[in-house]
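Engineer: sequence-free structure coming up:
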């Protein structure tokens, strides 16, 4: 086990099929779908850099080379923009590569949620790391990965980002059972995936952000023995940690948008449009309604 508590690396799995957003995801990765003028994935990378992350691993597949192209330097475009006096636009393109070091791994075939995480083993070494699912977009004063990193520094164990969900939508998520609470922190005894409403262990839902201790890799590998299809499930690995007293949840502050859901995507666009265009956009919505 590593004693290092500083979180400077993040992993973002991007190899999903994006079937909920067909037909557009037939040719465009869902992670590149725009929220105004930036793709979802860029917002997540911004959250990472604001949290002190300096190295990011994007796990993609061969059909998602557009992601690698988007985040690769384009010197010809920058030069062309500069030549025609579009200095600000050139800076925007350059910033994609200046904020964080991005590397790629290729997932040949998805084999469960833990499989993509396992691709990060060499990348993170003995360090803790942030894990962010590309379906979850956050809007928060303090970046969510950073909030979880502070909790990790306190407990030194894997941290699951959660929020309270008081309506019936809670059945769509992983729901932790908890044994004790310290402020916004909860010690987890188990995470139940998509429980029926009459059997939810709490009102906390896991919402796509984690800080993972590097011991998670051994737990993921061992989880294959508990699945007849030999799949690698992150929740099984997390539950193994929970049984050892090594799993905490942090109730993070901020808004979370489900970008795998079309209505969730619309809500995110409206939220960020209000932030950017303020009263003008608010007036438009009033007139529209």
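Structural biologist: That came in fine, so what should we check first? Since the structure is predicted, the reported quantities are computational estimates derived from the model, not experimental observations. Numbering: from 1, shown residues only.
Engineer: ranges for the strands of this protein?
Structural biologist: 9-13, 34-35, 38-39, 55-60, 101-106, 129-132, 136-139, 158-164, 174-182, 185-193, 204-212, 247-251, 255-258 (DSSP state E).
Engineer: deepest of these, which one?
Structural biologist: strand 129-132 (a mean of 28; mean count of other Cβ atoms under 10 Å). Yep, even glycine has a C-beta here, placed from its N, CA and C like the rest.
Engineer: strand partners (parallel or antiparallel) of that one?
Structural biologist: strand 9-13 (parallel), strand 204-212 (antiparallel) (DSSP bridges).
Engineer: for residue 52, which of the ones you listed is the nearest?
Structural biologist: strand 9-13 (9.9 Å; Cβ to Cβ).
Engineer: so that closest one versus strand 55-60, what angle?
Structural biologist: Counting by axes from the mean of the first three to the mean of the last three Cα atoms, to 10 degrees, strand 9-13 points 10 degrees away from the direction of strand 55-60.
Engineer: mean pLDDT added to the strands of the chain, as a markdown table?
Structural biologist: Shown next, in a markdown table, are the strands of the chain (pLDDT from 0 to 100):
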| stretch | mean pLDDT |
| --- | --- |
| strand 9-13 | 96 |
| strand 34-35 | 95 |
| strand 38-39 | 94 |
| strand 55-60 | 96 |
| strand 101-106 | 94 |
| strand 129-132 | 98 |
| strand 136-139 | 96 |
| strand 158-164 | 98 |
| strand 174-182 | 96 |
| strand 185-193 | 97 |
| strand 204-212 | 97 |
| strand 247-251 | 98 |
| strand 255-258 | 96 |
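Engineer: just to revisit the earlier point, can I get the strands paired with strand 129-132 in TSV including distance to residue 251?
Structural biologist: What follows is those, written out as TSV (distance: least, Cβ to Cβ, whole Å):
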stretch	distance to residue 251
strand 9-13	21
strand 204-212	7
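Engineer: of all the ones you listed, which lies closest to residue 242?
Structural biologist: Closest among the strands paired with strand 129-132, using Cβ to Cβ: strand 204-212, at 12.0 Å.
Engineer: for residue 164, see how far away residue 175 is.
Structural biologist: From residue 175 across to residue 164, the span is 11 Å (Cβ to Cβ, to the nearest Å).
Engineer: which residues do the two both contact?
Structural biologist: 203-205 (Cβ atoms under 8 Å, 6 or more residues apart in numbering).
Engineer: distance to residue 249 added to those, as TSV?
Structural biologist: Below are these laid out as TSV (distance: Cβ to Cβ, whole Å):
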residue	distance to residue 249
203	12
204	6
205	10
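Engineer: all helices for the chain, in order.
Structural biologist: Assigned by DSSP state H, the helices in the chain fall at 40-50, 65-70, 75-83, 87-98, 113-118, 121-124, 144-155, 216-223, 234-243, 262-288.
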